[in-house]
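Peer 1: Provide a 3D model corresponding to the input given below.
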Amino acid sequence: MRLVFAALLVLHGVIHLPGFVKGVGLGDVPQLRDPITAREGWVWFAAALAFLAAATLWLLSSRQWPWVAAVAVLLSQALILRSWGDARAGTLVNLIVLIPTVLGIAEFRAGSLRSVFEREAAGLVANSAGAGPLVTDSDLADLPPVVQRYLRRVGVVGQPRVRNFHLTFDVQMRAGPDAPWFHGTAEQYEAFHPPQRLFYMKASRAGLPFDGLHRYVGDAATMDIRLLGLHRVQYLAGAEMTRSETVTLLNDICLLAPAALLEVPVTWDAIDERSVRARFTNAGHSVAAVLTFDAQGDLVNFTSEDRSRAIDGGMVRRPFATPVRRVGTMAGVRVVVDGDATYTEDGREWSYGRFVLTSLAYNVAAPR
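Peer 2: Numbers count the residues shown, from 1 in each chain. Just a heads-up that it's a prediction; the model follows:
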């Protein structure tokens, strides 16, 4: 869908070029019978460039694309009205482009989920900016051997302690084991003094765009999902939501910011040479998870009984896991770059989310 919309913008932009060619006298365009002045020809050219620029910004995920697209549509429609007999069919394309353009501009209003995310991310970063001292071998001394091996394996020794991080994902998600997958992108900020998490996602389902914000700040977590960025279709809050997001926060640290295990109140219970139980307390909730490692010391799974999934507007606890598909080096550390999120129900484990890490930065000084 993303590439289709970009192609529509490019094609619509190119279609404006014959108006430029005729207006400035570069050649005859038999399809355009109405007269076009040289000045109007340059406006046709400007409209073409605006559509091409909007397509580029769209593909680059720049938030400025709808403003450029709005200019393109206004120029285009003014030209179409001037040459209605020849160009009226372009009105339909302009209307198609106008819908996501208006929705994109609506994201700039103060109450949009995107605006809330950006405001709170700025505060999160401001209160956690600056790297801590370098991690040393002595910092690991009190950890279970399997956790020490993991932290050395991923390369945190000699790296700064992690106060916050920013990352982006490509995501696939679904509502149930037999439901269709939908695709999207996600952006996340996390900090640890005190622990905070902001997760913003944009996706489309059945061709309809929606966005969502998971917010865990202070002693409460919420989830807000809005269709077209305007109509709220799901909102979850309360103790069980906060408990579940406490598990998520611990999961993020273990898989994506392992050095931050030195920053948060985690206690450990050794199980065997390749597994350990982590207990994490925050906002009045204490949760536990089992971390499983391979022979090389890489984390291969995280399982917990303390996370719930949303069912019929409520929260129901289900065994939760994040099996790892692939690890890679980002921001100078080995982290999980490709993994699943699963629940187990009626004896069946099924994946509700697939996450591919596209960028990662630690100790960011300003929102990106």
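Peer 1: before we move on, what SS does Arg63 have?
Peer 2: Following DSSP: H, G, I helix; E, B strand; the rest coil, the label given to Arg63 is coil.
Peer 1: Quick check: phi and psi on it?
Peer 2: Backbone geometry at Arg63, expressed as degrees, to the nearest 10, gives phi -70, psi -10.
Peer 1: can you pull out the helices in this structure?
Peer 2: With DSSP state H, the ranges of helices along the chain come out as 2-15, 17-23, 38-59, 65-82, 84-87, 90-106, 113-126, 145-154, 239-256.
Peer 1: Between those helices, which one is closest to Pro319.
Peer 2: Between Pro319 and those, the tightest spacing by C-beta to C-beta is seen for helix 239-256, at 11.3 Å. In short, each C-beta sits where N, CA and C put it, glycine included.
Peer 1: what's the angle between that closest one and helix 145-154?
Peer 2: 60 degrees (axes from the mean of the first three to the mean of the last three C-alpha atoms, to 10 degrees).
Peer 1: how about helix 239-256: buried residues?
Peer 2: By neighbour count on 16 or more other C-beta atoms under 10 Å, the buried set for helix 239-256 is 240-256.
Peer 1: cool, stretch 271-282 as well?
Peer 2: Neighbour-count burial for stretch 271-282 [16+ other C-beta under 10 Å]: Ser275, Val276, Arg277, Ala278, Phe280, Asn282.
Peer 1: Just the closest of the residues you listed to Gln196, please.
Peer 2: Top of the list for closeness to Gln196, among the buried residues of stretch 271-282 and by C-beta to C-beta, is Asn282 at 9.8 Å.
Peer 1: ok, now which ones touch the closest one?
Peer 2: For Asn282, the contact set (C-beta atoms under 8 Å, 6 or more residues apart in numbering) comprises Pro194, Pro195, Thr246, Leu249, Val264, Pro265.
Peer 1: now do Ala121
Peer 2: Applying C-beta under 8 Å, 6+ apart, the residues contacting Ala121 are His166, Tyr189, Leu198, Pro367.
Peer 1: Which members of the residues you listed occur in strands, if any?
Peer 2: Of the contacts of Ala121, the ones assigned to strands by DSSP state E are His166, Tyr189, Leu198.
Peer 1: Tell me the spatial nearest neighbour of the last one, not counting adjacent residues.
Peer 2: So the one you mean is Leu198. Leaving aside its sequence neighbours, Leu198 sits nearest to Tyr189 (C-beta to C-beta, 6 or more residues apart in numbering; 4.8 Å).
Peer 1: Just give me the neighbour total for the one you found.
Peer 2: 25 (other C-beta atoms under 10 Å).
Peer 1: What residues are bridge-paired with it?
Peer 2: When bridges are called by DSSP bridges, Tyr189 pairs up with His166, Leu198.
Peer 1: wouldn't it be in contact with Asn164 here?
Peer 2: Yes: if you go by C-beta atoms under 8 Å, Tyr189 and Asn164 touch, sitting 6.8 Å apart.
Peer 1: quick revisit: would you format the ones in strands among the contacts of Ala121 as TSV with pLDDT and distance to Gln31 included?
Peer 2: TSV is the format used below for these (pLDDT from 0 to 100; distance: C-beta to C-beta, whole Å):
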residue	pLDDT	distance to Gln31
His166	97	50
Tyr189	97	52
Leu198	97	51
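Peer 1: List the contacts of Leu151.
Peer 2: Going by C-beta under 8 Å, 6+ apart, Leu151 touches Val135, Leu140, Leu143, Val157, Pro258, Ala259, Leu261.
Peer 1: what does the model give the residue positioned nearest the centre of the chain for pLDDT?
Peer 2: Nearest to the geometric centre of the chain sits Ala186, at 0.8 Å (C-alpha atoms, centre = their mean). On pLDDT, Ala186 comes in at 96.
Peer 1: Quick check: it vs Phe20, distance?
Peer 2: According to C-beta to C-beta, to the nearest Å, Ala186 and Phe20 sit 40 Å apart.
Peer 1: so how many other residues sit close to His231?
Peer 2: Number of residues near His231 (other C-beta under 10 Å) recorded here: 9.
Peer 1: Tell me what it is bridged to.
Peer 2: His231 has the following beta-bridge partners by DSSP bridges: Leu227.
Peer 1: how deep is Leu227 tucked in, by neighbour count?
Peer 2: 14.
Peer 1: mind listing what the residue nearest to Gly27 when sequence neighbours are not counted touches?
Peer 2: Computed as C-beta to C-beta, 6+ apart, the closest residue to Gly27 that is not its neighbour in sequence is Val21, at 5.2 Å. Neighbouring residues of Val21 by C-beta under 8 Å, 6+ apart: Gly27, Val29, Gly41.
Peer 1: Do you know the pLDDT at the first one?
Peer 2: Which is Gly27. Predicted confidence (pLDDT) for Gly27: 85.
Peer 1: Quick check on the contacts of Val21: which are buried?
Peer 2: Buried members of those, counted by 16+ other C-beta under 10 Å: Val29, Gly41.
Peer 1: Point out where this protein drops to low pLDDT.
Peer 2: The model of the chain has pLDDT under 70 over residues 1.
Peer 1: Which segments of it make up each domain?
Peer 2: The chain breaks down by automatic domain parsing into domains covering 2-106, 113-362.
Peer 1: Val71: what's it in contact with?
Peer 2: Counting by C-beta under 8 Å, 6+ apart, Val71 has contacts Ala50.
Peer 1: re the thing from before, from what I can see the residue nearest to the centre of the chain touches Tyr200, true?
Peer 2: Yes: between Ala186 and Tyr200 there is a contact at 6.7 Å, judged by C-beta under 8 Å.
Peer 1: Quick check: Phe45 touching Phe20?
Peer 2: Yes: the pair Phe45 / Phe20 is scored as a contact, 4.0 Å apart, by C-beta under 8 Å.
Peer 1: Against Gly314, how distant is Met241?
Peer 2: 10 Å.
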